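Engineer: give me coordinates for this.
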Amino acid sequence: MDSKVIYIFIYHAYNIFFPFADISYNRPKLSPLATWSSNATTIANSNLVGSNPYGLYVDSNDTVYVTSYTENRIIIWSQGDSNSSKSITTNTLYSVSIFVTSFGEIFVDNGYTYGRIDIYSLNMTNSTSTMFIPTRCFGIFVDINNTIYCSLYSHHQIVAKFVNDTIDTKRIVAGTGCAGNDTYMLFGPIGIFVDSNFNLYVADYFNNRVQLFRSGQLNGTTVAGGGVSTPITLYGPTSVVLDADDHLFIVDHRNHRIVGSGPNGFRCVVGCSGTNGTSASELNYPWAMGFDSQGNIYVTDSSNGRIQKFALADNSSSMYLT
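Structural biologist: I've put the predicted structure just below:
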């Protein structure tokens, strides 16, 4: 039997008997006063990841995945060690988002050329398709109920479907399809995050805010940015993640920094010089971020063509959890 057929059979059998997937990403337990090194380590530059890297994912084994924007491949290395990197050749030109499940499925945006999200595996060169989309998917997330979410940046919507649904029946979970700044509207959504209660967080790029859509609700709440709504000014947020205590960490793309929330409000955590640049302490239009199991921050420093690692410097009042 063809290996691809066997793989698909095993994949769908797994989803039938184990429909609730383990969390494949890291949500470290962080002190409200946690600090990160102001100077990052470059773990990959444009020689490895190509120019303008966007999509990034760090799984619970601390394996780092990055989509190469111009070179039709996914670059993978263990625990941030660029010396042990490998890659998967794809046909995903100009891909901007990636998500990896605990079962090892690599979901990658392939909307620019083929109008779909593809699934790859470390052990296979061929892909399968799971969702057909009218444009690029700027954010991908797979929740614990095996539902895949896609942020349609140019359509101002988030759509979702069950991964193992053979009929491509998508439903709208946020946004109306028209750009706007009302609570039920989005304007260029990019990064998304779904918590264990199926609440959806959206980096609403042109509205300079992060919106929270509680499970089953189409009316959102602004939890960061958005002018007077919250005491933080964002300028084009592109990525949002949560730690173990539901504190938000946001890539503030056009402010060239990452900010985080805590009991005392929002604060800048890395890239806090106020300007963009090429030094170890600076970012230049960062795009996506992820935590490893130790609480270190990985970020695609897009316009610098590199992947930066900001080491957790002080987390003395908390224990690490993944």
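
Engineer: which regions of the protein lie under the pLDDT threshold?
Structural biologist: 1-21, 80-84, 228-229, 317-322 (pLDDT under 70).

Engineer: show me where it has helices.
Structural biologist: For the chain, the helices defined by DSSP state H occupy 3-17, 46-49.

Engineer: buried residues, the shortest one. List them.
Structural biologist: It refers to helix 46-49. Residues of helix 46-49 classed as buried: 48-49 (neighbour count, 16 or more other CB atoms under 10 Å). For the C-beta atoms, the positions are set from N, CA and C on the backbone; glycine is no exception.

Engineer: repeat for stretch 267-283
Structural biologist: By neighbour count on 16+ other CB under 10 Å, the buried set for stretch 267-283 is 269-272, 276, 282-283.

Engineer: how about stretch 293-311?
Structural biologist: Going by neighbour count (16+ other CB under 10 Å), the buried part of stretch 293-311 is 293, 295-310.

Engineer: which ones among these lie within strands?
Structural biologist: 297-301, 306-310 (DSSP state E).

Engineer: quick one: contacts for F198?
Structural biologist: Counting by CB atoms under 8 Å, 6 or more residues apart in numbering, F198 touches 143, 145, 215-216.

Engineer: whoops, I mixed them up, T35
Structural biologist: Applying CB under 8 Å, 6+ apart, the residues near T35 are 269, 312-314.

Engineer: any chance of the residues you listed in a markdown table, plus distance to M289?
Structural biologist: As requested, the contacts of T35 are exported to a markdown table (distance: CB to CB, whole Å):
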| residue | distance to M289 |
| --- | --- |
| V269 | 10 |
| L312 | 13 |
| A313 | 17 |
| D314 | 19 |
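
Engineer: from the residues you listed, which ones fall inside strands?
Structural biologist: Of those, the ones assigned to strands by DSSP E are 269, 312-314.

Engineer: now, the most widely separated pair of the residues you listed?
Structural biologist: Greatest spatial distance in the ones in strands among the contacts of T35: V269 and D314, 11.7 Å, computed using CB to CB.

Engineer: burial count for I88?
Structural biologist: Neighbour count for I88, taken as other CB atoms under 10 Å: 20.

Engineer: partners of it in the sheet?
Structural biologist: As for beta bridges, I88 partners with I74 under DSSP bridges.

Engineer: ok, it touching S127?
Structural biologist: No. Contact criterion CB atoms under 8 Å: I88 and S127 do not qualify, at 9.1 Å.

Engineer: now for those two: what residues contact both?
Structural biologist: Jointly contacting I88 and S127 under the rule CB under 8 Å, 6+ apart are Y120.

Engineer: can I get the buried part of the ones in strands among the contacts of T35 as one PyMOL selection?
Structural biologist: A single PyMOL command selects the buried members of the ones in strands among the contacts of T35 (16+ other CB under 10 Å):
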select buried, resi 269+312
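
Engineer: show me what counts as buried in stretch 61-80.
Structural biologist: For stretch 61-80, burial by neighbour count (16+ other CB under 10 Å) applies to 62-69, 71-77, 80.

Engineer: among those, which two are most distant?
Structural biologist: In terms of CB to CB, the buried residues of stretch 61-80 reach their longest pairwise distance at D62 and N72, which sit 25.5 Å apart.
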